[in-house]
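Novice: pasting a predicted model and its sequence here:
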Amino acid sequence: VKNRSFYLWVGIALGALGILFPHVLPRFQLRMVTEIVIVALLVMTWKMMLNEAGLFSFGHAVYFGLGAYASVLGWLHINGLSLVSGILLGGLVAGVVGFILSAFLVRMSGTYYALLTLAFNQLIWAIVWKWRDVTGGDDGLGKFLKPDLLGIPMGNPVNYYYLSLAIVAICLFLCWYFTKTPLGNVMKSIKSNEERTRFIGFNVGASKIIFLAMLAFFAGVSGALYAQFQEFIGASSIDLVMSTHIIFMAFIGGVGHFWGPLLGSGIYVYLSEYLSHYTDRWELIFGVVVVILVLLAPQGILGIAKKRK
Amino acid sequence: METFVIQFIHGLVYGLLLFLVASGLTLVFGMMSVLNIAHVSFYMLGAYLSYTMFRVVGNFWLALIICPVLVAFLGILMERLILRRVHAAGHVQEFVITFGILFALNEMIKWIWGSENLSVPVPSTLSGSLLIMGNIYPAYRLFILFFSLLILAFLAFILMRTRLGITVRAMVSDRDMASALGTNTPFVFMLVMGIGSWLAGLAGVIAAPFLGLSSGMGLDFLTDCFIVTVTGGLGSLWGAVVASFLIGQLSSFGILFIPRFAIVFGFLLMAVVLVIKPSGLFGEKA
């Protein structure tokens, strides 16, 4: 019980900080915080696949990228599509694709699961990359509308930050709430022993598919938010490098902790921003940081804190 | 018919190159059940080292002998200093750390050798070409073909006919049991890691004059190499042979018929195989 109130206070403190940020931080810092908030949702969906179901996704950029592309195509081609509907469209497309892919994926576990997600990632990336007429290929898609929300101009970074914060907060709450539902418990049971769960009478495959499709939906929402944030979307948002960065972020923060993805994406965004000012070799430093971190703290930064406590 | 034969040989050459890299990967996976993603960096490193070797000494054959050994040494070092330490943390952590190593090594290579494309000339003894059914075919590619077959035969001999091979096969099927029966598992593991990296480095050296050097060569190869190991079944050497052959032909004929979506075929094959048989063509455990 003490632990739960601790989580709650951390949540409230973070929420208060989040609302205060635009009033204390300079403009460019606010951009980074917006990015952190959006990416944190994406990393959270990856972490939940690993933590709640024991599935290591190697192609998580698929859902992120498809969500981004679907929403952007919506804003480009559907007249009068509102901001929130566009974001929901991105989430839905990612969720449906997640549903279809999961039908194949649920038969695998462990390394095979990871590698099949990699194969799907490459397959979908190749299609997006080559299908120039629709996706713009290497050039990507830009110059799409940023519709106002209820008369509030979203071109203002502060307003867009608040919108992202609100949507991500709702999604994170739903993610947390999911772990408390009966289906969430079934997932935990599958993670600890899949065969027994099946013998008890649960439909393991269907549970996994629903779970994965739900997380794909949230990852798609994150992608759509990101596309509007960058006002551009390119094939690099759906490639393997993106997928590996998601994994790195999750591991830096710590996969065993609820707030790990937020910390991980925060460190990642700041590190990449500042290191790229000083050196072109930030990917090298990043690789070394990951190696050292996994060597010294296999459970991530929040994992160390947890052990001390 | 002539184009068919030429494309077939072409696919065979590429497939065998894939096999050299994939065989090391699959052996290490069979023992440790961890996919060493940094394996393709060793391939890349072999190629770049041979470039430097060629610039300094000017002899391809010397590079062919020395560079893979250097790469093997690095592989052993990586196993000793890094992989062995994270083993207790679990497979996921091991998997992630090889990722970090891949990133670091690739960037290091970019740093040392620059990111523009480089090329290594074909050794003068093999720079000619042969006539195959009226078509001119570069001799060097045929050299890759025969050299890889030689290595394959050598590997098969070691695995099937020597005591070391029996130990390795025992460890692939049950590591703990082999260890309990008195095998010095850490030593055998180090040896296999060394041989695997050596093969990757070797493939890099012989691929350098054929495919050229670029900062993306590792990642390009990574995907094909993974398709091979997974389609064939992780840990299965014969699976790797069959799958490399298939992928080589698929990419060769794919480019001939549907060039635009040639890269998709490999993934399609892998996805289809895994959906029908989740453990791959020759894999045992899913």
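Specialist: Yep, it's here.
Novice: and stretch A:234-247, how far out from the chain's middle?
Specialist: Centroid separation for stretch A:234-247 versus its chain: 11 Å, with C-alpha atoms, centre = their mean, to the nearest Å.
Novice: okay, B:Ile132: pLDDT?
Specialist: Per-residue confidence (pLDDT) for B:Ile132: 69.
Novice: what does A:Phe217 give?
Specialist: pLDDT recorded at A:Phe217 is 92.
Novice: wait, does stretch A:279-288 contact chain B?
Specialist: Yes. Using C-beta under 8 Å from any C-beta of the partner chain, stretch A:279-288 reaches chain B at A:Arg281, A:Glu283, A:Leu284, A:Phe286, A:Gly287, A:Val288. Backbone N, C-alpha and C define where each C-beta goes, glycine included.
Novice: which of these fall within helices?
Specialist: Members of the residues of stretch A:279-288 next to chain B lying in helices (criterion: DSSP state H): A:Glu283, A:Leu284, A:Phe286, A:Gly287, A:Val288.
Novice: which of these are buried? Put it as a PyMOL command.
Specialist: Entered in PyMOL, the line below selects the buried ones among those, by 16 or more other C-beta atoms under 10 Å in any protein chain shown:
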select buried, chain A and resi 283+284+286+287+288
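Novice: out of the ones in helices among the residues of stretch A:279-288 next to chain B, which one has the lowest pLDDT?
Specialist: Lowest-confidence member of those: A:Glu283, scoring 77 (pLDDT).
Novice: give me the element the nearest residue to it once chain neighbours are set aside is part of.
Specialist: Among residues not flanking A:Glu283 along the chain, B:Glu107 sits closest, at 4.7 Å (C-beta to C-beta, 6 or more residues apart in numbering or on different chains). B:Glu107 is part of helix B:91-113 when elements are defined by DSSP states H and E.
Novice: other SSEs contacting that helix?
Specialist: Of the remaining helices and strands, those touching helix B:91-113 by 3 or more C-beta pairs under 8 Å, 6 or more residues apart in numbering or on different chains; DSSP states H and E are helix A:110-130, helix A:240-253, helix A:282-296, helix B:39-56, helix B:84-86, helix B:217-232.
Novice: ok, and the closest non-adjacent residue to B:Phe245?
Specialist: Leaving aside its chain neighbours, B:Phe245 sits nearest to B:Gly15 (4.9 Å; criterion: C-beta to C-beta, 6+ apart).
Novice: correct me, but A:Ile35 touches A:Val269?
Specialist: Rather than Ile, residue A:35 is Glu. Yes. Contact criterion C-beta atoms under 8 Å: A:Glu35 and A:Val269 qualify, at 5.2 Å.
Novice: that older thread, let's have the helices and strands packed on helix B:91-113 in TSV, adding distance to B:Asp176.
Specialist: Written out in TSV, the entries for the helices and strands packed on helix B:91-113 read as follows (distance: least, C-beta to C-beta, whole Å):
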stretch	distance to B:Asp176
helix A:110-130	18
helix A:240-253	28
helix A:282-296	24
helix B:39-56	24
helix B:84-86	16
helix B:217-232	23
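Novice: of all those helices, which lies closest to B:Gly30?
Specialist: helix B:217-232 (10.1 Å; C-beta to C-beta).
Novice: buried stuff in the closest one?
Specialist: Within helix B:217-232, the residues scored as buried using 16+ other C-beta under 10 Å are B:217-219, B:221-232.
Novice: do stretch B:129-139 as well
Specialist: Buried residues in stretch B:129-139, counted by 16+ other C-beta under 10 Å: B:Tyr137, B:Pro138.
Novice: might you list the low-confidence residue ranges for the chain?
Specialist: Since you didn't name a chain, this refers to chain A. Counting by pLDDT under 70, chain A contains low-confidence ranges at A:1-4, A:145, A:148-149, A:154, A:303-309.
Novice: to clarify, I was referring to chain B.
Specialist: The model of chain B has pLDDT under 70 over residues B:132, B:259-263, B:284-286.
Novice: mind checking the longest helix of it?
Specialist: helix B:2-32.
Novice: just the angle between that helix and helix A:110-130, please?
Specialist: Angle of helix B:2-32 versus helix A:110-130, following axes from the mean of the first three to the mean of the last three C-alpha atoms, to 10 degrees, is 140 degrees.
Novice: how about helix B:2-32: buried residues?
Specialist: For helix B:2-32, burial by neighbour count (16+ other C-beta under 10 Å) applies to B:6-7, B:9-32.
Novice: what of stretch A:86-106?
Specialist: Within stretch A:86-106, the residues that count as buried by 16+ other C-beta under 10 Å are A:86-99, A:101-106.
Novice: now narrow those to whatever sits close to chain B.
Specialist: Restricting the buried residues of stretch A:86-106 to those within reach of chain B (C-beta under 8 Å from any C-beta) leaves A:Phe104.
Novice: switch the residues of stretch A:279-288 next to chain B over to CSV; also include distance to A:Leu116.
Specialist: Below are the residues of stretch A:279-288 next to chain B laid out as CSV (distance: C-beta to C-beta, whole Å):
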residue, distance to A:Leu116
A:Arg281, 33
A:Glu283, 27
A:Leu284, 30
A:Phe286, 27
A:Gly287, 25
A:Val288, 30
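Novice: what helix or strand is the residue nearest to B:Thr3 when sequence neighbours are not counted on?
Specialist: Nearest non-adjacent residue to B:Thr3, counting by C-beta to C-beta, 6+ apart: B:Leu256, 7.3 Å away. Per DSSP H and E: B:Leu256 is located in helix B:237-257.
Novice: now that helix, how far from the chain's geometric center?
Specialist: On C-alpha atoms, centre = their mean, the centre of helix B:237-257 falls 14 Å from the chain's centre.
Novice: using PDB, list the CA coordinates for that helix.
Specialist: Only the C-alpha atoms of helix B:237-257 are listed here, as PDB (Å, rounded to 0.1, in the frame of the first residue of the first chain):
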ATOM      1  CA  LEU B 237      24.100 -25.600 -39.600                       C
ATOM      2  CA  TRP B 238      22.300 -27.500 -42.400                       C
ATOM      3  CA  GLY B 239      19.400 -25.200 -42.100                       C
ATOM      4  CA  ALA B 240      21.800 -22.300 -42.700                       C
ATOM      5  CA  VAL B 241      23.200 -24.000 -45.800                       C
ATOM      6  CA  VAL B 242      19.800 -24.500 -47.300                       C
ATOM      7  CA  ALA B 243      18.500 -21.100 -46.400                       C
ATOM      8  CA  SER B 244      21.500 -19.300 -47.700                       C
ATOM      9  CA  PHE B 245      21.100 -21.100 -51.000                       C
ATOM     10  CA  LEU B 246      17.400 -20.100 -51.100                       C
ATOM     11  CA  ILE B 247      18.000 -16.500 -50.200                       C
ATOM     12  CA  GLY B 248      20.900 -16.200 -52.600                       C
ATOM     13  CA  GLN B 249      18.800 -17.400 -55.500                       C
ATOM     14  CA  LEU B 250      15.800 -15.400 -54.400                       C
ATOM     15  CA  SER B 251      17.700 -12.100 -54.300                       C
ATOM     16  CA  SER B 252      19.400 -13.000 -57.600                       C
ATOM     17  CA  PHE B 253      16.300 -13.800 -59.500                       C
ATOM     18  CA  GLY B 254      14.100 -11.300 -57.700                       C
ATOM     19  CA  ILE B 255      16.300  -8.500 -59.100                       C
ATOM     20  CA  LEU B 256      15.900 -10.000 -62.500                       C
ATOM     21  CA  PHE B 257      12.100 -10.200 -62.500                       C
END
